[in-house]
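Engineer: everything below, folded, please.
(one chain, ligands or ions: 1)
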Amino acid sequence: MSLRAIIYNQETNNLEILDQLLLPAATKYLKLRGVEDGWKAINKMQVRGAPAIAIVGCLSLAVEMQNEKFESKKQLRQDIEGKLNYLVSSRPTAVNMKTAAEELIDLANQLSKDENITLDGMKSKFLSTILQMLEKDIADNTAIGDNGAKEILSRVSGDSQVRVITHCNTGSLATAGYGTALGVIRSLQAMKRLEHVYCTETRPYNQGARLTAYELVHEKIPATLICDNMVAALMKSRNISAVVVGADRVAANGDTANKIGTYQIAVVAKYHGVPFYVAAPFTSIDSKISSGEHIVIEERPDREMTHVGEHRIAAKGIQCWNPAFDVTPASLIAGIITERGVFRPDQLKDALATQQNI
Ligand SMILES: CSC[C@H]1O[C@H](OP(=O)(O)O)[C@H](O)[C@@H]1O
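Structural biologist: Predicted coordinates:
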C-alpha cells in the first residue's frame with residue numbers, strides 16, 4: 001500500500017494532508033478547513049506535486065462549500081469562481097490547478113444557468129465532480145505507469161531488467177496515489193523487470209532524498225540515492241536504460257517544465273544516448289501555450305537554499321537564485337508518457353486535438 005498524501009472523508013467533510021515538510025523525520029497529518037488553509041499548505045509546500053496541488057486545492061473548496069449556506073445559484077457560482085482563482089495563485093508553474101479551476105468554473109456556469117437544477121443540486125453535482133477528479137487521478141496514474149513500463153521495456157532485448165534514473169518526487173506524495181514517473185517505476189517493479197532505481201536528492205527542497213527515497217524504501221523497491229551532481233558520472237559508469245521524470249506543465253510542442261535540475265539531466269542523457277521520458281497525465285498538458293518559453297517559472301525563498309531545516313549551510317549574506325523549475329526542450333524528450341499512451345513530442349498537437357474532439 002503506497003503512502004497517502006491526501007485523506008478526505010466525505011461523510012465527515014474532513015480533509016487532511018500529510019505535512020511533507022516534516023518527512024521523513026515525522027509523519028504528521030494537517031487538517032485543512034477551507035481554501036485559505038489549502039492555499040497556505042500549497043504555497044508553503046506542505047503538499048506539493050502538480051496533481052496533488054490541484055486535488056488538495058479543489059477539496060479545500062469542497063470542504064468550505066459544505067459548511068456554507070448560499071442564497072442563490074448565482075451567489076454559489078460567484079463564490080466558486082473567486083475561490084478557485086485564489087487557489088490558482090498559490091503556485092504559478094504547475095498547470096493542473098489552473099486546468100481544474102477552468103473546468104470547475106465552466107461547470108458552475110452551466111449549472112447556474114440550468115433552470116432544471118436546484119441550488120442543492122448544483123452544490124451536490126459540483127462536489128461529486130471534485131471527487132471524480134481524485135478517483136480519475138489514481139486511474140490515470142496506473143495507466144501512465146503501465147504505458148511507461150511497456151515503452152521502456154520495448155527498448156531492451158528479451159526479458160532483461162532495467163535500470164532507471166528519476167528526479168524529484170512524482171509518487172503517491174505528489175498525486176492522489178501511485179504516481180506518474182514513480183508510477184512507471186512501480187509498474188516495472190510489479191512486472192518484475194526493474195533491476196534498480198537511482199533517485200536524485202533534488203536540491204534544495206530534497207524531494208528525492210526526503211520523499212522518493214521514503215516511498216521506495218517503504219515499498220522495498222531496489223534503489224540508490226545519488227546527489228544531483230552525480231548523474232553524469234552514473235551514466236558514464238552504469239548501463240542506464242532510461243530516465244523518467246514528472247512534469248508541472250507541458251507545452252503544446254512538448255517542451256516541459258519540471259523540477260529544477262531536470263533540464264541538465266536531459267542534456268546529459270542525450271550525450272550518453274539514454275532515452276529521456278516525461279510521465280504526466282493530460283491534465284498537465286497546457287494546450288494554450290505553444291512552447292516552453294511561455295511557462296512562468298516560480299522562484300522560491302533564499303532560505304530554502306541557505307538552510308536545511310533550522311541549520312544554516314550557506315554563508316550569511318550570499319545572494320541566491322532559487323528557480324523551482326526549469327524547461328526541458330522537446331528535442332531532448334524521447335516520449336511523453338500519458339494515460340492515453342506514449343507520444344513523441346511532435347505527436348502531441350494531434351493528440352490534444354483528438355482529446356478536444358472527444
Ligand atoms: C507528479 S508531480 C509533478 C512535479 O511536481 C514537483 O514539483 P514540486 O515538488 O515543486 O511541487 C516536481 O517538479 C514533479 O516532477
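Engineer: what about the helices in the stretch 101-250 of the chain?
Structural biologist: Under the criterion DSSP state H, counting those that start in this stretch, the stretch 101-250 of the chain contains helices at 119-153, 181-190, 207, 213-218, 231-237.
Engineer: mean neighbour count and mean pLDDT added to those helices, as CSV?
Structural biologist: In short, each C-beta sits where N, CA and C put it, glycine included. Listed next are the helices of the stretch 101-250 of the chain as CSV, based on neighbours: other Cβ atoms under 10 Å; pLDDT from 0 to 100:
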stretch, mean neighbour count, mean pLDDT
helix 119-153, 19, 96
helix 181-190, 27, 98
helix 207, 29, 98
helix 213-218, 19, 96
helix 231-237, 15, 98
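Engineer: can I get those helices in JSON lines with distance to Tyr277?
Structural biologist: As requested, those are exported to JSON lines (distance: least, Cβ to Cβ, whole Å):
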{"stretch": "helix 119-153", "distance to Tyr277": "7"}
{"stretch": "helix 181-190", "distance to Tyr277": "8"}
{"stretch": "helix 207", "distance to Tyr277": "18"}
{"stretch": "helix 213-218", "distance to Tyr277": "18"}
{"stretch": "helix 231-237", "distance to Tyr277": "15"}
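Engineer: among the ones you listed, which comes closest to the ligand?
Structural biologist: Between the ligand and the helices of the stretch 101-250 of the chain, the shortest gap by Cβ to the nearest ligand atom is with helix 207, which sits at 5.0 Å.
Engineer: residue contacts, Glu68?
Structural biologist: Applying Cβ atoms under 8 Å, 6 or more residues apart in numbering, one finds that Glu68 lies in contact with Asp79.
Engineer: go again using 6 Å as the cut-off
Structural biologist: Glu68 makes no contacts at all, as judged by Cβ atoms under 6 Å, 6 or more residues apart in numbering.
Engineer: could I get the helices of the stretch 101-250 of the chain as TSV with distance to the ligand?
Structural biologist: Formatted as TSV, the helices of the stretch 101-250 of the chain follow (distance: least, Cβ to the nearest ligand atom, whole Å):
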stretch	distance to the ligand
helix 119-153	9
helix 181-190	7
helix 207	5
helix 213-218	12
helix 231-237	15
